[in-house]
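> sequence and computational prediction follow.
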4 protein chains.
Amino acid sequence: MLKRFSNIMLLMQEVKDLPQECESIRELTENMGSTGFQATHIKEAIELIKRMKQENATIFLSFTSNIIATGLRSIIAGMVKKGYVDVIITTGGSLDHDFIRTEKNYFISSFDEDDEKLRGKGFNRLGNVLIPNDRYMFLEKKMKEVFTALEEEGPVVAPSDIAKEIGKRIKDENSFLYQAYKGEIPVFSPGITDSAIGLQTYFFKQMKEDFGIDVTKDMKNLAEIVLNAKKTGGIIIGGGISKHHTIGVNLLRDGMDYAVYLTTASSWDGSLSGAHAKEAVSWGKIKKGARCATVHGEATTVLPLIYYSL
Amino acid sequence: MLKRFSNIMLLMQEVKDLPQECESIRELTENMGSTGFQATHIKEAIELIKRMKQENATIFLSFTSNIIATGLRSIIAGMVKKGYVDVIITTGGSLDHDFIRTEKNYFISSFDEDDEKLRGKGFNRLGNVLIPNDRYMFLEKKMKEVFTALEEEGPVVAPSDIAKEIGKRIKDENSFLYQAYKGEIPVFSPGITDSAIGLQTYFFKQMKEDFGIDVTKDMKNLAEIVLNAKKTGGIIIGGGISKHHTIGVNLLRDGMDYAVYLTTASSWDGSLSGAHAKEAVSWGKIKKGARCATVHGEATTVLPLIYYSL
Amino acid sequence: MLKRFSNIMLLMQEVKDLPQECESIRELTENMGSTGFQATHIKEAIELIKRMKQENATIFLSFTSNIIATGLRSIIAGMVKKGYVDVIITTGGSLDHDFIRTEKNYFISSFDEDDEKLRGKGFNRLGNVLIPNDRYMFLEKKMKEVFTALEEEGPVVAPSDIAKEIGKRIKDENSFLYQAYKGEIPVFSPGITDSAIGLQTYFFKQMKEDFGIDVTKDMKNLAEIVLNAKKTGGIIIGGGISKHHTIGVNLLRDGMDYAVYLTTASSWDGSLSGAHAKEAVSWGKIKKGARCATVHGEATTVLPLIYYSL
Amino acid sequence: MLKRFSNIMLLMQEVKDLPQECESIRELTENMGSTGFQATHIKEAIELIKRMKQENATIFLSFTSNIIATGLRSIIAGMVKKGYVDVIITTGGSLDHDFIRTEKNYFISSFDEDDEKLRGKGFNRLGNVLIPNDRYMFLEKKMKEVFTALEEEGPVVAPSDIAKEIGKRIKDENSFLYQAYKGEIPVFSPGITDSAIGLQTYFFKQMKEDFGIDVTKDMKNLAEIVLNAKKTGGIIIGGGISKHHTIGVNLLRDGMDYAVYLTTASSWDGSLSGAHAKEAVSWGKIKKGARCATVHGEATTVLPLIYYSL
């Protein structure tokens, strides 16, 4: 690739010092392309997401539930609203937090709180975010209504039915479930029982023992989206089941055409969460020659920069 | 806790230089207690696991699927065989790898392989482990048999039924599914469709459209184990859905009595995977005053040291 | 601290969803305070730096040399120019890059380059930044002039003399050495021989064998700054010798009054680079009750957000 | 490299399940080669260090000071004693801890201590190791003797003179300074003023104002070792100035022939501490075609496994 010294230096992009004054997010991220290190990857991520949309790729957005406990919730909703998302894959916890936060607030705290004291006071800590216990009582009550409504149409539901039913019942511009419902964007949650909503099924089944969640029900819909897409792209925030399900299902079409990863995990432990985009190429989860960007960074810092620059 | 200077120094454990000669793993880990940094936590983890067993705690073991792609697979099986495990919670990928590796081998490679070339040659990379494509064809064939057998008893199964059926069909001392079947240890996998086995359900349903996996079916069994236990302990290797499901279900009894975490993730991103044991105390997933050890380290390095010292 | 449930919730700051539209960096960082996770710490860092300046604290800025190889170089210079810095502590490599980049450019590349090929083509890789070999030939020539000039005034110099002499010879608004020279801000570099400049002393001594760098010469100046300051604050980007020297010298006054850490390192390995601000309190390197913020993040992503919001 | 599928599988090393029983460290590390992930790298590191010695390479050992505050101190000393080290490059803090610990003990504590309380009680925290304040008073007294003795021979010393003088005055098999003195192994410490010893020079100069430390004095000796070596190898534990000085000085001979890195740092932030061995190849700090192993892991966990298997 580096043919000749003199040529190279003509072709390569120079590192440029950032301006000493800058007020605009777009101007900053524009300059990040020639800053170096992860700034360069942020600029690439922005370009790639724009391109996915321009080329009408079917865009998969995956994220972990902690994101929805923070102020980023509205940004996820905004991405859906603005047409940057065609499919959502996330955990049950994301549904928990999104539903609760349509009516109740969470609090800013510290990573160094005394957790035994918090337990005594009825606060659950999620990083430096606190969630009062009663938020989960609210969720339990609401979910009983959701399950009851769903169960009336048939005892066995798919995870995406639950997400849709919640979205239908709320009206909050900052809720991703609301925006997904409104925009007819399916929300898949293959590990949904691992959440407060999931735990709630245990109690609900004591009343309606035939009630169930058949996770294979979503496979057909998801597979058809993948198989019918002209191109696909992934915006993958964090790791875990949501990340893997997003890239894994794209195996059915020999891989995604575009991928943006935003991660704090490391690849050297052989984890899926830390695996770089290139590893997915060996599996056919991302296409050979696909355009990819892996941003190493934390979501509350990086995602706003990307979103506000789209 | 640090009452008076002079007292303290009598009570506190000294840092001791390791011996310049040592051949035995047990002697090494014994000395790690007074070495400092993570060595100290490894010694604590060993002590805690021993104690969980001595006190007849119901022990939950959770792990990520990459572990089963490595030589650690036999150690997980060994822990089950030797009675250190009462409940397993893991991902669908663990079932994939365990089943395949009863008959087929994986290969050691490098983290820096050219993934496009690997794709061309038919190798899937998982860190520095390579899995030839035909391993998944083998799995597909085998899973068709498993699903067919299960479907004959009823069209809708629980994830734990699948794990059990696989365990029944194999005989391999190094397989955790075999050891779990033999020891009547339930294997829960709440996110099972996110795996090769899960993808296989999509194809199997094309033949048997009533076939399904109802993930709520396992909730009752799992909840009863938690509710009936005198004490519970968790050995939690890595993060993701397996970690959260293990601590989450222990909410039903106001938390575990013992917890050992082995992790490469960081807590400062607010992730569940990186959250320290103390965070779980605020939720009631781990009890106030529970004995916990968080070892920051990579499993192939740390887990053998712990296991061989039990 | 959490007295009563009902009171708490009145006093605590709520998590607020970010606006779906935002163009201004200041508006973004203002909102980060109520976003959660590291966003919250970015807001705290901004507030703390503003306060250090308002209270006329003597502000120490430390950073690693890789920063000066990127577009952040001008931001470091801008902080000096705008009066946010009274003392700089950095590595020899920072002097190398700053001097070279006043006349020569670096290039943006990839973390995944083939390093053997780069070696053949004469490019040195620093993350995803490339530095052509001839840049170091340029530096050698220039440093011979610097050493010759210094040696004429006396054979044994302090590291800060070298930094000052370079600053005197250049005129570049984006150079921190230029801005420091102009603003009479001392630049300390206790490990200066570990750099290209340092290696150059080996060759220079072959001509002038009495030439030397006495690192103790800077101790008095640095100590007096610390001892005479009414208050001190530290802005510490990255780890290593620059971080430790900054907090270490503040021992002489029983610790800094303010500290902002920006880091990618972890504390669990017992490293100084990863140690949180609270650890420094036990040593008297940071005062009891000092106001501190530790931002876990990468400099090219985080530092512009902080700087443009001051 | 992967020529043909069928050939490959014959040539590649299989992943092998670890034995369910194992008592010996050597047996464990032997098996780690076919375990995967970082276990594989540990085995490679052991092989490489053995080979450096067999081929009479001049072996550079670099490490950070926190190592010497733990039980690993004796292992560093053991490596020197057993002939695995020809040159040591480390920080001033390593000299501090090694000297103190020949006569005084440190204590095991927790990473989560209340640092304000520790300050009140006179304990300095280094990760989960506590150092009582009086240890530093002891060091001050001893260093005054060392400086006085050195100053009598001439007012300006090299860092390696200080290390040697300390080594001469102690007799402790577990001290690396003692073993280095005994084995005539030079100890270089280019950033020595950044330490308690360095701070002590500030006070000593108040009595003897001509006393100084000329860091360029060590450059010639170090350069000659590098230039005269037939082959060189590096065992590099952690990052910072010690790591960079080790690889940087090997530029003079176009790079090391062998390198083993043991690190907890990440490469994606463009840091020297996190840079993989391959990056150093582009600089000529490690030779093209050199044999390298990078172990991602924490020293107290990994170094004993390596050392006891040599």
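Okay, I see it. All figures in this text were calculated on a predicted structure; none of them were measured in a lab.
> please make it C-alpha for all contacts and neighbour counts, starting now.
Will do.
> and the lengthiest helix in chain A, what does it pack against?
Identified as the longest helix of chain A according to DSSP state H is helix A:134-153. Contact partners of helix A:134-153 among helices and strands, from 3 or more C-alpha pairs under 8 Å, 6 or more residues apart in numbering or on different chains; DSSP states H and E: helix A:92-101, helix A:159-169, helix A:196-207.
> can you give me how far that helix is from the chain middle?
Remark: helix A:134-153 is offset 24 Å from the chain centroid, using C-alpha atoms, centre = their mean, to the nearest Å.
> what mean pLDDT does it have?
When pLDDT is averaged over helix A:134-153, the result is 97.
> the inter-axis angle of it versus helix A:159-169?
For helix A:134-153 against helix A:159-169, the angle by axes from the mean of the first three to the mean of the last three C-alpha atoms, to 10 degrees is 110 degrees.
> helix A:134-153 to helix A:92-101, inter-axis angle?
Using the same axes, to 10 degrees: helix A:134-153 against helix A:92-101 is 110 degrees.
> who touches helix A:134-153?
With contacts defined as C-alpha atoms under 8 Å, 6 or more residues apart in numbering or on different chains, helix A:134-153 is touched by A:96, A:99-100, A:104, A:157, A:161-162, A:165-166, A:196-197, A:200, A:204, A:211.
> name the residues of that helix that are buried.
Of the residues in helix A:134-153, A:135-136, A:139-140, A:142-144, A:146-148, A:150-151 count as buried by neighbour count, 16 or more other C-alpha atoms under 10 Å in any protein chain shown.
> closest one of the residues you listed to residue B:245?
Comparing the buried residues of helix A:134-153 against residue B:245 with C-alpha to C-alpha places residue A:136 closest, at 16.9 Å.
> ok, that closest one to chain D distance?
30 Å (C-alpha to the nearest C-alpha, to the nearest Å).
> what about the residue of the stretch 1-150 of chain A found nearest chain D, how many residues nearby?
Among the residues of the stretch 1-150 of chain A, residue A:37 lies closest to chain D, at 6.0 Å counting by C-alpha to the nearest C-alpha. Here the number of neighbours of residue A:37 (other C-alpha atoms under 10 Å in any protein chain shown) works out to 34.
> show me what contacts it?
Contact analysis of residue A:37 by C-alpha under 8 Å, 6+ apart lists C:70, C:127-129, C:300, D:268-270.
> narrow these to just the buried residues.
Among these, those scoring as buried are C:70, C:127-129, C:300, D:268-270 (criterion: 16+ other C-alpha under 10 Å).
> show me which residues of the stretch 201-310 of chain A are close to chain C?
A:297-298, A:300-302, A:308 (C-alpha under 8 Å from any C-alpha of the partner chain).
> now the residue nearest the centre of chain A, nearest residue through space, not along the chain?
The centre of chain A sits closest to residue A:63, judged by C-alpha atoms, centre = their mean, with a distance of 2.1 Å. Distance criterion C-alpha to C-alpha, 6 or more residues apart in numbering or on different chains; nearest residue to residue A:63, sequence neighbours excluded, is residue A:237 at 4.7 Å.
> now that neighbour. Its backbone dihedrals?
Note on residue A:237: backbone dihedrals following degrees, to the nearest 10 are phi -110, psi 110.
> wait, it sits on residue A:66?
No. The criterion here is C-alpha atoms under 8 Å, and residue A:237 misses it with residue A:66 at 10.7 Å.
> which ones are touching the closest residue to chain C within the stretch 101-250 of chain A?
In the stretch 101-250 of chain A, the residue that lies nearest chain C is residue A:107 (4.2 Å; C-alpha to the nearest C-alpha). Residues near residue A:107 by C-alpha under 8 Å, 6+ apart: A:129-131, C:9, C:12-15.
> mind putting those into TSV with pLDDT, distance to chain B and secondary structure?
What follows is the contacts of residue A:107, written out as TSV (pLDDT from 0 to 100; distance: C-alpha to the nearest C-alpha, whole Å; DSSP: H, G, I helix; E, B strand; the rest coil):
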residue	pLDDT	distance to chain B	secondary structure
A:129	98	8	strand
A:130	97	9	strand
A:131	98	9	strand
C:9	61	17	helix
C:12	84	17	coil
C:13	94	17	coil
C:14	97	16	strand
C:15	98	14	coil
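> now those residues: which count as buried?
Buried subset of those (neighbour count, 16+ other C-alpha under 10 Å): A:129-131, C:14-15.
> mind putting the residues you listed in a markdown table, distance to residue A:279 included?
Below are the buried ones among the contacts of residue A:107 laid out as a markdown table (distance: C-alpha to C-alpha, whole Å):
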| residue | distance to residue A:279 |
| --- | --- |
| A:129 | 33 |
| A:130 | 36 |
| A:131 | 37 |
| C:14 | 40 |
| C:15 | 36 |
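> filter the buried ones among the contacts of residue A:37 by proximity to chain A?
Checking the buried ones among the contacts of residue A:37 against chain A by C-alpha under 8 Å from any C-alpha, the ones in range are C:70, C:127-129, C:300, D:268-270.
> just the closest of the buried ones among the contacts of residue A:37 to chain B, please.
Nearest to chain B among these, counting by C-alpha to the nearest C-alpha, is residue D:268 at 14.8 Å.
> tell me the secondary structure at that closest one.
Three-state assignment for residue D:268 (DSSP: H, G, I helix; E, B strand; the rest coil): coil.
> swap in residue A:242?
On the three-state scheme (three-state DSSP), residue A:242 is labelled helix.
> before we move on, what about residue A:300?
Under three-state DSSP, the three-state class of residue A:300 is helix.
> can you pull the pLDDT of it?
Here, the pLDDT recorded for residue A:300 equals 98.
> with the one 10 residues further on instead?
pLDDT, the model's per-residue confidence, is 97 for residue A:310.
> got it, and residue A:166?
Residue A:166 carries a pLDDT value of 98.
> can you count the residues close to the nearest residue to residue A:212 once chain neighbours are set aside?
Leaving out its chain neighbours, the residue that sits closest to residue A:212 by C-alpha to C-alpha, 6+ apart is residue A:156, at 4.6 Å. Residues lying near residue A:156 (other C-alpha under 10 Å) number 19.
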